[in-house]
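S.K.: here is the input, now give the coordinates:
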Amino acid sequence: MRALRSALATVAAAAAALACTATAAQAAPRPTPHADATQRAAAGSGYLYVSQDAYWAGRWCWWYNADNNWDTINTAENANCDNNNRASMRNLASSAWNDSNGGRPVALYIHPDYTGAYACLGAGDAWDNLTGAWFTWGSNRDGYMANANDNIASHRWRTSCSAG
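M.R.: Residues are numbered from 1 along each chain as shown. Modelled structure (predicted):
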């Protein structure tokens, strides 16, 4: 009887541990920017996060590396999307958060291959609603002063906004 109780206790403990462990098939928790931009820049994860809808609603994706074309989201860029839905995010982003851990801004380009005008999102900065963001860098490039909402096609990390 004692051996049976011990075995049942072991099985119960293992089941409880498994219930608390996240699996790769489960969706990652939805990221949300911290309240303080200084705190975000200092303690960043190193990722660029975007969501399909304003105020962090809808489908969202994240990248650790640059991506020259948001038509496909793949692991070569250390990128993924919620529920592993790697469908295109090109011209769909309505929120963006630069959770840089190196203090680097990210350039968000209007065209693939880092071409055309770009918006520059500083380290730790988050734009909850891209209807208020514009491609204000690259005055001699196509798309200059266009609205960034549902209009981003590629991104890359920069040493400064002017280095786009």
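S.K.: can you count the residues close to residue 72?
M.R.: 14 (other Cβ atoms under 10 Å). Yep, even glycine has a C-beta here, placed from its N, CA and C like the rest.
S.K.: equivalent analysis for residue 116, please.
M.R.: Using other Cβ under 10 Å, residue 116 has 19 other residues around it.
S.K.: distance of residue 98 from residue 158?
M.R.: Separation of residue 98 from residue 158 (Cβ to Cβ, to the nearest Å): 10 Å.
S.K.: intersection of neighbour lists for those two?
M.R.: The contact sets of residue 98 and residue 158 overlap at 105-106 (Cβ atoms under 8 Å, 6 or more residues apart in numbering).
S.K.: the more surrounded of those two?
M.R.: With neighbours defined as other Cβ under 10 Å, residue 98 and residue 158 compare such that residue 98 has more, 27 against 18.
S.K.: do I have it right that residue 45 meets residue 98?
M.R.: No: counting by Cβ atoms under 8 Å, residue 45 does not reach residue 98; the two are 10.4 Å apart.
S.K.: give me the most central residue, this protein.
M.R.: For the chain, the residue nearest the mean C-alpha position is residue 49 (1.6 Å; Cα atoms, centre = their mean).
S.K.: for the helix or strand hosting that one, buried residues please.
M.R.: Assessed by DSSP states H and E, residue 49 sits inside strand 47-53. For strand 47-53, the neighbour count (16 or more other Cβ atoms under 10 Å) marks 47-52 as buried.
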